[in-house]
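need a structure here:
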Amino acid sequence: MARLLPLIVIAVWIFFWFRSKKRAAARPDRAAEVKAAPATGLSKEAAALGLLPEGAQNTERSMPDPELDSLRASVAQGAWEPAAHFLAVTGRDWERRSAAIIGLADAAAEEDAWLTAWETARPGDPDAAAVRAKSTVFLAWRLRGSHAAKHTGREQFEGFHRVLRRSRDDIARAAELNPEDPSPYITEIWTGLGLGYPHEQMHELWAQITARAPFHYEAHYSALQYWCAKWRGSEELARDFAERAAAGAPAGSLLPALRLVALYEHQEYPLRVRQYRTPEARAMVDAVLADLPAVPPTHPRLAEVRHLVAFFLVQQQRYAEALEQFRRVDGHAGAEPWSRFGDTAELYCRFRERAVQGAS
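So this is what the prediction gives:
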């Protein structure tokens, strides 16, 4: 009997091994399903939820904006009057004003004949001046390109710095024409980032902005980029800036999301999971989720924050909460972190599918 015991043990092991393989084959392979989802379009679960396939994702925008689309269509035809009217009636809605200026300035950086016509027809128009200042900065950054400094040529840098220096005159003029508007000063953050403003000069610029709009999300996001290690600061300075902004912010400002931005910006491998599952990171996400219900649904940066929160929630395996965010932004994937890594729509859909399968 003792001689047979090893054979009996081997036979039992083989029996259970075959049975486990048979059960595994009968179970759906969730990992394979998630990996295959982008290539096949949509999983059955995603389709049942009404989610859109990869090819239907707008990778230029984080949200639909029919108003801005209409304005850009008008200026593309040379008609500047709708843009002038829109900015004139926007009033002190600084967030919406900044978003419109950014969208119009982006168009002007490609072709500015319509903006020149506006300036000619209405000399001294502060709204045209604000668009001009931002478009000059956009033009400078386009001359530089999006590559790291070591992959950027000398001529690119020379053109970049030359146009950025010129932008300071445009910014000063826009600020003089409309002293209450924070937009020109927010534009100057990107001039200062490119020209290397010292910290003290950025503090002075920041005081001008917060005196006019103390909880402006676009302004805070832009300043946070300056304080990041990849530009003019460090991880410690960036996270300190984000923490102070979030701690003193009123409900509905979106500013708690700055903590997530600062954390994400300082990861050597941004898609790695571990750094997003700490108790500190979970508390950061909870703070943003608590803030979202108070954010006006028309806030121009709301969708961007939802995209970032969805990414964090998937990494934290909080799939049902992530799916809720994906359902609110689906159809527009042009936001961080998806837009940073090659195929924007593919990465967005891959993370979305993880939320769909995890929630189900």
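
need the longest helix for the protein.
helix 154-177 (DSSP state H).

tell me the angle of the helix or strand just after it relative to helix 154-177?
Of the helices and strands lying after helix 154-177 in sequence (DSSP states H and E), the nearest is helix 183-195. Angle, helix 183-195 to helix 154-177, by axes from the mean of the first three to the mean of the last three C-alpha atoms, to 10 degrees: 160 degrees.

helices or strands up against helix 183-195?
Using 3 or more C-beta pairs under 8 Å, 6 or more residues apart in numbering; DSSP states H and E, the elements in contact with helix 183-195 are helix 94-110, helix 126-144, helix 154-177, helix 199-212, helix 217-227. (Glycine included, C-beta is placed from N, CA and C.)

Give me the residues contacting that helix.
Helix 183-195 is contacted from outside by 94, 97-98, 101, 129-130, 133-134, 137, 140-141, 144, 160-161, 164-165, 167-168, 171-172, 174-175, 178, 197, 201-202, 205, 208-209, 212, 216, 218-219, 222-223, 225-226, 231-232, using C-beta atoms under 8 Å, 6 or more residues apart in numbering.

hey, C-alpha coordinates of that helix in CSV?
Extracted as CSV, the C-alpha positions of helix 183-195 are listed here (Å, rounded to 0.1, in the frame of the first residue of the first chain):
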residue,chain,number,x,y,z
SER,A,183,-8.1,86.4,-19.2
PRO,A,184,-5.0,88.4,-20.3
TYR,A,185,-3.2,87.6,-17.1
ILE,A,186,-4.1,83.9,-17.4
THR,A,187,-2.7,84.0,-20.9
GLU,A,188,0.5,85.4,-19.5
ILE,A,189,1.0,82.3,-17.4
TRP,A,190,1.9,80.4,-20.6
THR,A,191,4.2,83.2,-21.7
GLY,A,192,5.9,83.0,-18.4
LEU,A,193,6.2,79.3,-18.5
GLY,A,194,7.9,79.4,-21.9
LEU,A,195,10.2,82.3,-21.1
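
can you give me the offset of it from its chain's centre?
Centroid separation for helix 183-195 versus its chain: 18 Å, with C-alpha atoms, centre = their mean, to the nearest Å.

Could you pull out the buried residues of that helix?
183-195 (16 or more other C-beta atoms under 10 Å).

shaky segments in the stretch 1-150 of the chain?
Filtered on pLDDT under 70, the stretch 1-150 of the chain yields the residue ranges 1-41, 144-150.
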